[in-house]
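Trainee: This is a predicted model, with the sequence first.
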Amino acid sequence: MSDKTKKGTDAKTYKFDTLSLHAGYQPHKNAGSRQVPIYQTTSYLFDDVDHAAALFNLERGGHIYSRISNPTVGVLEERVASLEGGTAALATSSGMSAIFLTVMTLCEAGDHLVVSSQLYGGTVNLFRLTLPKFGIKCTFVKPRDTEGFKKAIQKNTKGIFGELVGNPGNELMNMPEISKIAHEAGIPLIVDATYQTPYLCKPFEHGADIVVHSLTKWMAGHGSSMAGILVEGGNFDWMQNDKFPTMTKPYEGYHGLSFAEEFGPTAFTMKARAEGMRDFGPCLSPQNAWNVLQGIETLSVRMKKHCSNAEEMVKYLLGHESVAWVSHPSVPDHPDHELAKKLLPNGRGSMIAFGIKGGKDAGVAFINNVKLASHLANVGDTRTLVIHPASGTHSQMDEATLKFAGLSHDMIRLSVGIEDIDDIKNDFEIGFRAARKPRLVSNQ
Amino acid sequence: MKFKVNGNEVFASTGGRPFDKKKPLIIFVHGSGLTHMTWVLQTRYFAFHGYSVLALDLPGHGLSGGKSLKSIEDMADWINSVIDSVGYKEASLVGHSQGCLITIECTARYPDKIKTLSLMGGAGAIPMNPELLALAENGDPKAVDLMMDWAHGPAGHFGGHPVPGLYHINTGGMLAKSRTIKETLAVDFRACDNYKNGFEAAKKIKIPTLSILATDDKMCPVKEGKKLADLIEGSKVDIIDNCGHMMLLEEADRVLKVLKLFITTNYPSK
Ligand SMILES: Cc1ncc(COP(=O)(O)O)c(C=O)c1O
């Protein structure tokens, strides 16, 4: 280990921008192809019977069937693991299936999770309505109520789950403190970091144990493909207590394999693939994996523009006569302004919520009249997206339910794109002008 | 499985099969600061093909109890005690990096017990880079980052793990951080640096020996590995292109293929 060519004690492993272009892929093993090939295949030849058995027994690495793994998808998995600073990853057909597989790998019927109350609506439904059908119960805690997470932990609690910045209220959970609470209880912290991407925040550096993403959003950026992923930090000790028998005890489905003993820092991903992907099957298509890889190549460049545009928009909205309030962690009076500075040093993200003067009618008029901003049910596209939850996604809710979900009639949710900032502002002027009209009419 | 050696609990992976004393024994010895998990892509194969496997966690490492042993000589004696403790009279040894120093010394000390020796990324001596040693002895996690940097070849730095979804550098780093750096990695590094008997021990080895070396190994370069192999009568050498010091993971299939042929030929299971 005497390395005379090396001077200085800084490791020269590749850094973020380089990893986002190269990690997980070796051209010399793929006919020299510079671009990652799309392995559009369901299955893979075995050399002989012994090779087949070895692959099924996890004696050797390799691919069997594309539900379990695929070389193109594998590049994406390694790439995201490298960017997050994780040991391993498993890509899935959508963000929802990544969350579902994570829970099913962690929990059994009779188990319990402590969950932040400010989550993407689909995730709320999964935790509130669907998981109880599998015998898994959840207690919801407001993201800022750090002590509440501790109080909600029960004997059968197997993890804490949350989004770092809640949607749409932009409330932060104190990840470093909540991870301490989880670890004192001997359970992992799982963070949905879709809104941040590893460019803005690497949750493993703040105590998270498992990270999930909807890659459909900023990671891909182009809004062309559904995809999700779960990433393992590798630091959680599954053997410290007897809470995770399916990780630590011999598993019948693999000749009595103990995932924790055999795979240690990658045990969770190995189990999620060997059991979860095998039995539930929400695999990512190689074409979509490739599409997402195209997006990840420019992740840093895009995220910088997303964030600088978002900060410009915050200033513009704060100074606008038609705007009642603006919520974004970059606003100095945002309750989590300081925590956001610490956890999101590279930018506070591109999701803004604001109130439009004139309430629901004004909101409807704004949405119906903007031309550049797209009105749709997605976030994290390179294009600017807007939605008025009270008249769209949440129109069935009454006043009280809206309030509980952190919504109000005047709220517009904005996912800032990377267009020229002047064009976005000019478009908003059209929307605001239209929004002021119904009030003029009703005043007459 | 867990068993006791010199009063301390020892963990060893049996490769996913129950330990069966009727089968010939292969013992795998990991490198500095690492654990039994580095061997997962070799051990399971042998366990499923007629051998009893023990991929050890050295004392104070991974899931084993006790304190890290301070010298390669003590570790070599400890391997001998392992063989006794599990009720065997003989075994085949496989070592990686520091594990090569240990298994060479063990073979020289207990010539009748050891039937074949397989060395990966081995050398007769492993003098430590003083900066790396100092970082480890200060418990600085940079030591692990630096070790992972130097331990992987240019290809391994990009990834391409044989097990889909795993990322080399971070997985290795987590293994090396699984116990405190000062009490494991640093003690191992110091033991390697202090060990001077490798070449003398090699000259005493008369059993079938295999050395697997890699062209991009910066920690135990091919030149050093060959120097060692040349001292061992009739030893075989296999050199892997485009691969670094972590060949047992970076090129796991190739390593398994060579190891399989060597062990099944020289130490067949009935
Ligand atoms: C934070 C968050 N997590 C998860 C999801 C679900 O991801 P997908 O739509 O890819 O299933 C979404 C989707 O909007 C999301 O915003």
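Mentor: Cool, got the structure. Numbering: from 1, shown residues only, chains lettered A, B, ... in the order given.
Trainee: Where does chain A get nearest to chain B, residue-wise?
Mentor: residue A:61 (3.1 Å; C-beta to the nearest C-beta). The C-beta positions use only the backbone N, C-alpha and C, and glycine is treated the same way.
Trainee: What about that residue, how many residues nearby?
Mentor: 20 (other C-beta atoms under 10 Å in any protein chain shown).
Trainee: and if you look at residue A:370?
Mentor: 22.
Trainee: Next: residue B:270.
Mentor: So residue B:270, with other C-beta under 10 Å, has 6 neighbours.
Trainee: gap between the host helix or strand of residue B:118 and the chain center?
Mentor: Element membership of residue B:118 [criterion: DSSP states H and E] is strand B:114-120. Strand B:114-120 has its C-alpha centroid displaced from the chain centroid by 10 Å (C-alpha atoms, centre = their mean, to the nearest Å).
Trainee: ok, residues contacting that strand?
Mentor: B:24, B:90-97, B:99-100, B:103-104, B:106-107, B:205, B:207-212, B:225, B:228-229, B:247-248, B:255, B:259, B:262-263, B:266-267 (C-beta atoms under 8 Å, 6 or more residues apart in numbering or on different chains).
Trainee: so after the helix or strand that contains residue A:412, what's the next helix or strand?
Mentor: Taking DSSP H and E as the definition, residue A:412 sits inside strand A:411-415. Downstream of strand A:411-415, the next assigned helix or strand under DSSP H and E is helix A:421-443.
Trainee: Tell me who's in contact with residue A:343.
Mentor: A:164, A:172, A:175-176, A:201, A:206.
Trainee: give me the residue from the stretch 101-250 of chain B nearest the ligand.
Mentor: Distance from the ligand to each residue of the stretch 101-250 of chain B (C-beta to the nearest ligand atom) is smallest for residue B:165, at 18.5 Å.
Trainee: Now that residue: phi and psi?
Mentor: Residue B:165 adopts backbone torsions of phi 90, psi -10, taken as degrees, to the nearest 10.
Trainee: what about the closest residue to it other than its chain neighbours, distance to residue A:24?
Mentor: Spatial nearest neighbour of residue B:165, chain neighbours left out: residue A:77 (4.0 Å); criterion: C-beta to C-beta, 6 or more residues apart in numbering or on different chains. Computed as C-beta to C-beta, to the nearest Å, the residue A:77 to residue A:24 distance reads 7 Å.
Trainee: same check, this time on residue A:409
Mentor: Distance from residue A:409 to residue A:24, by C-beta to C-beta: 46 Å.
Trainee: Neighbour count: these two, which is higher?
Mentor: More crowded of residue A:409 and residue A:24, by other C-beta under 10 Å: residue A:24, with 26 against 18.
Trainee: which residues sit in contact with that one?
Mentor: The neighbours of residue A:24, taking C-beta under 8 Å, 6+ apart as the test, are A:74-79, A:81-82, B:158-160, B:167.
Trainee: Top of the residues you listed by number of neighbours, please.
Mentor: residue A:81 (35 neighbours).
Trainee: Could you list every helix and strand in contact with the host helix or strand of it?
Mentor: Residue A:81 belongs to helix A:71-84 when assigned by DSSP H and E. Other helices and strands packing on helix A:71-84, by 3 or more C-beta pairs under 8 Å, 6 or more residues apart in numbering or on different chains; DSSP states H and E, are helix A:16-22, strand A:88-92, helix A:197-200, strand A:228-232, helix A:286-296, helix B:168-176.
Trainee: What angle do helix A:286-296 and the fourth one make with each other?
Mentor: Spelled out, that is strand A:228-232. 70 degrees (axes from the mean of the first three to the mean of the last three C-alpha atoms, to 10 degrees).
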